[in-house]
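**Q** sequence first, predicted model second:
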Amino acid sequence: MLRGSRPSPAIRVDGASARLDGDWTLRLLMPVLDDIRRQLPAASAGMEWDLSGVTRLDSFGALLLWRHWGRRRPAMLTLAAMQEALFTRLETLGDACLPAEQPYRFLDATAHLGRLLFGFGRHLAGFVALIGQLFLDLRHLLLGRGHWPLLEMSANFYKVGVKAMPVTALVGFLIGVVMSYLSALQLRAFGADVFIVNLLGLGIIRELGPVLVSVLVAGRSGSAMTAQLGVMRVTEEVDALTAMGISRQVRLVLPKVVALTLAMPLLTLWGSAVAILGGMVSANLQLGMSYDYFLNALPRAVPVANVFIGLAKGAIFGLLIALVACHFGLRVKPNTESLSANTTASVVSSITVVILVDAVLAIATRGIGLRYG
Amino acid sequence: MSPPVELKGLSTRFGQHWIHRGVDLVVPAGEVVALVGGSGSGKTTLLRQMVGLLQPAEGEVRLFGEVLSAGDRQAQLARRRRFGMLFQHGALFSALNVFANIAFPLREAGLHDEGLLRDLVLLKLTMVELGPEVALRMPAELSGGMVKRVALARALALEPELLLLDEPTAGLDPDRSAGFVRLIRALHKALGLTVILVTHDLDTLAALATRVAVLAEGRILAFGPLDEIMTVQDPFIERFFHSERSLAALARGRA
């Protein structure tokens, strides 16, 4: 064993003198720290201390003794020359203590609340500034004065759109099955089996499809965008772009925003279609409703305006998710804590914003595509 | 007593490319060994292999006479606690303040007495010539030189017998780097450490190293005190140590 090769620390109290032996080092003291601490009080600082038998002493061992002596040298102390320097350093340390942290007072809570409010204000201002800058850059590009970052757009489109298709399909299909199964049970009780087409069609195409896909995309692509921009901030890549005179909005934000705005309607269409397929399969198994009937009844139950509403919602949600993700990504400070906090904030905010905007849109479009009575 | 670090027939390969072929090196206790070599000669790779961050393709590394991965978890942990490493960019935990960074290895080692912990951290801070006022700052609020000092204090927290330094003076201004060199030399003298450092900086090398290991063409070209190395006849050593700039830097470091 490692310990065997070195002499263990020991303390011997003999009348009015205390003799120390062995290695007084962190490595050998840690395993026997409790024993040593029990033995130390037997030897008071006023005794005669002999440290010449100590084979090795490090600052941990020295500090342990120093604290036992009440932060000063005992009157009678025998030291080897090597150990002198350690205690000299401890003497210069003196009674240095940590700068005191301010205690928490009632006013601090108020100040905290104020800071939160101002912080929220700064977020809003920053978000508006981001959108404004994006518009200015778009105008600049539309007037043909800069070149479009088409390569980045297509790369982003592939990343957030095409690669999200499997997970969207899986979740959409399962939700479709579950919704259809649950409503089938209820509808059969009323003998209103045929209305499952209306329920699923309207619910999924108009509401559930866009929101479900948005939540998935916010978790999957929004967080990735924030983390990517955040790490680029940490490694100063964003600063390097600015130093080259390349707008970060054009190169980093715009491709992401455009890609997600274009990809989201398509993903919504895909997700809703698979969810309805799931519902159709479940209706067939549960209610014995034929696929032919379901497909024929669907256009009659769901006016085509609902599809457009769903697609428009997809585009709006995509735009918002990308903007929120970029906003938080560009606020990351160069430390791990800030990166994780901003990524969390990005996902939470984008999902909240999506649901808020969905509620607003639900009210705004209540006269479109719904048949009453 | 077995040497702190012993490399036996160490070979490293990245893809098809061999970085080292049969590196042998024995670092005696109490020495300050500088590993030098051209860019891309695998100095940092060698350092990372010593602490087990990278596995060599062939050969073995022995620390304090034992293979790093020998024994059970407890034995491995005890062995790892016998050395400290200073990374090139400090590698301070950015989520923890200076105090928590230095206290971290001590807390992990099972020390929970807050009073003792506070004194120990303050002592380590004075060792690297920093005052208690920096203790509550976050790493992001420190200058490059301070980050290195705090990282050194953290590397020293567990009273290591072996200290590995990766480019200790890179990114510091001449004044700061001279200060850092003085600091390491003083600590080496006071604590009797064995130090292995990787450096490009000939000032640092001349000021610190008691022995120099020259790494070129995938092997240790020469190993010995600097004066001995200077007399070795080899084109690489010729270019590295005998150019006008190098000689000036070496003279500066020795001064």
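**A** Great, that's in hand.

**Q** rest of the way, CA atoms for contacts and neighbours
**A** Fine.

**Q** need the nearest residue in space to A:C97, chain neighbours excluded.
**A** B:P132 (6.7 Å; Cα to Cα, 6 or more residues apart in numbering or on different chains).

**Q** now do A:L130
**A** Nearest non-adjacent residue to A:L130, counting by Cα to Cα, 6+ apart: A:H327, 7.1 Å away.

**Q** how is chain A partitioned into domains?
**A** Listed by automatic domain parsing, the domain ranges of chain A are A:2-93, A:120-364.

**Q** can you give me the helices in the stretch 1-150 of chain A?
**A** A:26-39, A:59-68, A:81-93, A:106-142, A:150-160 (DSSP state H, counting those that start in this stretch).

**Q** repeat for the stretch 1-150 of chain B
**A** Assigned by DSSP H, counting those that start in this stretch, the helices in the stretch 1-150 of chain B fall at B:43-50, B:73-80, B:98-108, B:114-127, B:144-155.

**Q** one more: the stretch 151-255 of chain B?
**A** B:174-191, B:202-208, B:226-231, B:235-241, B:244-254.

**Q** point out the most buried one among these.
**A** Ranked by mean neighbour count, the helices of the stretch 151-255 of chain B are led by helix B:202-208 with a mean of 23 (mean count of other Cα atoms under 10 Å in any protein chain shown).

**Q** other SSEs contacting it?
**A** Helices and strands touching helix B:202-208, as assessed by 3 or more Cα pairs under 8 Å, 6 or more residues apart in numbering or on different chains; DSSP states H and E, comprise helix B:174-191, helix B:244-254.

**Q** A:A283: neighbour count?
**A** A:A283 has 26 neighbouring residues, counting by other Cα atoms under 10 Å in any protein chain shown.

**Q** to clarify, my last question referred to B:E217.
**A** 16.

**Q** mind checking how far it is from chain A?
**A** For B:E217, the distance to chain A equals 32 Å [Cα to the nearest Cα, to the nearest Å].

**Q** check contacts around that residue.
**A** B:H20, B:S41 (Cα atoms under 8 Å, 6 or more residues apart in numbering or on different chains).

**Q** try the one 5 residues further on
**A** B:A222 is in contact with B:V212, B:A213, B:V214, B:L215, B:I229, B:V232, counting by Cα under 8 Å, 6+ apart.

**Q** same deal with A:L370?
**A** Counted by Cα under 8 Å, 6+ apart, A:L370 has contacts A:P303.

**Q** what strands line up against the lengthiest strand in chain A, and which way round?
**A** In chain A, assigned by DSSP state E, the strand with the most residues is strand A:17-24. Partners of strand A:17-24 in the sheet, by DSSP bridges, are strand A:10-14 (antiparallel), strand A:48-50 (parallel), strand A:54-57 (parallel).

**Q** and the residue nearest to A:L130, which helix or strand is it part of?
**A** Assigned by DSSP states H and E, A:H327 belongs to helix A:305-329.

**Q** ok, the closest residue to A:L57 other than its chain neighbours - how many residues close by?
**A** Nearest non-adjacent residue to A:L57, counting by Cα to Cα, 6+ apart: A:W24, 4.8 Å away. Residues lying near A:W24 (other Cα under 10 Å) number 25.

**Q** and stretch A:81-101, what's buried?
**A** A:Q83, A:L86, A:F87, A:L90, A:L93, A:L98 (16 or more other Cα atoms under 10 Å in any protein chain shown).

**Q** between the domains of chain A, which has the poorest mean confidence score?
**A** When those are compared on mean pLDDT, domain A:2-93 scores lowest, with a mean of 81.

**Q** roughly how far is that domain from the heart of the chain?
**A** 48 Å (Cα atoms, centre = their mean, to the nearest Å).

**Q** want to try JSON lines for the helices of the stretch 151-255 of chain B, with mean pLDDT as columns?
**A** Supplementary listing: these in JSON lines, determined by pLDDT from 0 to 100:
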{"stretch": "helix B:174-191", "mean pLDDT": "81"}
{"stretch": "helix B:202-208", "mean pLDDT": "84"}
{"stretch": "helix B:226-231", "mean pLDDT": "84"}
{"stretch": "helix B:235-241", "mean pLDDT": "83"}
{"stretch": "helix B:244-254", "mean pLDDT": "80"}
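
**Q** so which of the ones you listed gets nearest A:S338?
**A** helix B:174-191 (29.6 Å; Cα to Cα).

**Q** list, one by one, the residues from chain B near chain A.
**A** Within chain B, the positions near chain A by Cα under 8 Å from any Cα of the partner chain are B:82, B:94-95, B:110-111, B:116, B:118-120, B:122-123, B:126, B:132-133, B:135-136, B:140, B:158-159, B:190-191.

**Q** drop anything exposed from those residues.
**A** Looks like those have B:82, B:94, B:118-120, B:122-123, B:126, B:132, B:135-136, B:140, B:158-159, B:191 buried, using 16+ other Cα under 10 Å.

**Q** so for those, which is the shakiest by pLDDT?
**A** Ranking these by pLDDT puts B:L191 at the bottom, with 74.

**Q** so that residue makes contact with A:D58?
**A** Yes: counting by Cα atoms under 8 Å, B:L191 does reach A:D58; the two are 7.3 Å apart.

**Q** tally of neighbours for A:M232?
**A** Other residues lying near A:M232 total 18 when counted by other Cα under 10 Å.

**Q** the helix or strand hosting it packs against which elements?
**A** Using DSSP H and E, A:M232 maps to helix A:223-234. When contacts are defined as 3+ Cα pairs under 8 Å, 6+ apart, helix A:223-234 packs onto helix A:237-243, helix A:305-329, helix A:336-364.

**Q** report the angle between that helix and helix A:336-364.
**A** Interaxial angle of helix A:223-234 relative to helix A:336-364 (axes from the mean of the first three to the mean of the last three Cα atoms, to 10 degrees): 140 degrees.

**Q** what's in contact with helix A:223-234?
**A** Taking Cα under 8 Å, 6+ apart as the rule, helix A:223-234 contacts A:238-239, A:252, A:256, A:322, A:325-335, A:339, A:342-344, A:346-347.

**Q** please pick the buried ones from those.
**A** A:238, A:252, A:256, A:322, A:325-335, A:339, A:342-344, A:346-347.

**Q** would you check that the residue nearest to A:L57 makes contact with A:G61?
**A** Yes: with contact defined as Cα under 8 Å, A:W24 reaches A:G61; the gap is 5.0 Å.

**Q** could you report the neighbour count for B:G71?
**A** B:G71 has 12 nearby residues by other Cα under 10 Å.

**Q** state the distance from B:R185 to chain A.
**A** 15 Å.

**Q** I'd assumed B:A209 was in contact with that residue.
**A** No: with contacts counted by Cα under 8 Å, B:R185 stays clear of B:A209, the gap being 9.2 Å.
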